[in-house]
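# From the sequence below, what's the structure:
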Amino acid sequence: MIYETKTALVLRRDLAGWQMANVAAFLAGGLAGTHAHMMGEPYKDASGKAYTALIREPVFVYGGTVEELRRTHQRALSRELVPAVYIEAMFATTNDADNRTAFAAAPVDALDFVGLGVHGPRKVIDKVVNGLKFLS
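Got it, this is the predicted structure:
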């Protein structure tokens, strides 16, 4: 099935495995919280036990350098998307308030991105992530 929308995460390739998983979870959660239509329906197993809904469409995960993340960020902003973001300084915090404080202290042209997520029309997202390679 081809969806009209697309979700892409871009993670810095030099992160530790736990950092990649953590950042991807934060970014996907932020996007799903902002774009309610991303969510599918709740699940039930054969015995009727209920489970939470999941994101309804594939999430494409790319890798990149901090420079590629900055370029992707600029492309997203120029197309009026509102990206989910995670910067290096947020690894040193332990709560949402401190994450936002760390982010607010970073100048936009010097953001030390470790992850970025975008959701929007498929063709727009394709342009935003153009040139990036899937994370392997």
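# what about residue 76, which helix or strand?
Per DSSP states H and E, residue 76 falls inside helix 66-78.
# wait, what's in contact with the residue nearest the centre of the chain?
Nearest residue to the geometric centre of the chain (C-alpha atoms, centre = their mean): residue 117, 2.3 Å. By C-beta atoms under 8 Å, 6 or more residues apart in numbering, the contact set of residue 117 is 7-10, 27-28, 30-31, 83-85. Glycine gets a C-beta too; all of them are placed from N, C-alpha and C.
# Tell me which two of these sit farthest apart.
Across the contacts of residue 117, the longest distance by C-beta to C-beta is 14.7 Å; it joins 7 and 85.
# Grab the nearest non-local neighbour of residue 72.
Excluding its sequence neighbours, the residue lying closest to residue 72 (C-beta to C-beta, 6 or more residues apart in numbering) is residue 10, at 5.3 Å.
# How is that neighbour assigned, secondary-structure-wise?
Recorded secondary structure, residue 10: strand (DSSP: H, G, I helix; E, B strand; the rest coil).
# My read is that it contacts residue 130, right?
No: here residue 10 does not reach residue 130: they are 11.6 Å apart, not a contact under C-beta atoms under 8 Å.
# And these two? Which one has more around it.
Taking other C-beta atoms under 10 Å, residue 10 and residue 130 do not tie; residue 10 has more neighbours (28 against 10).
# what's next to stretch 74-92, contact-wise?
Under C-beta under 8 Å, 6+ apart, the answer for stretch 74-92 is 19, 23, 26-28, 30-31, 34, 73, 99, 102-103, 105-106, 111-120, 124, 127-128, 130.
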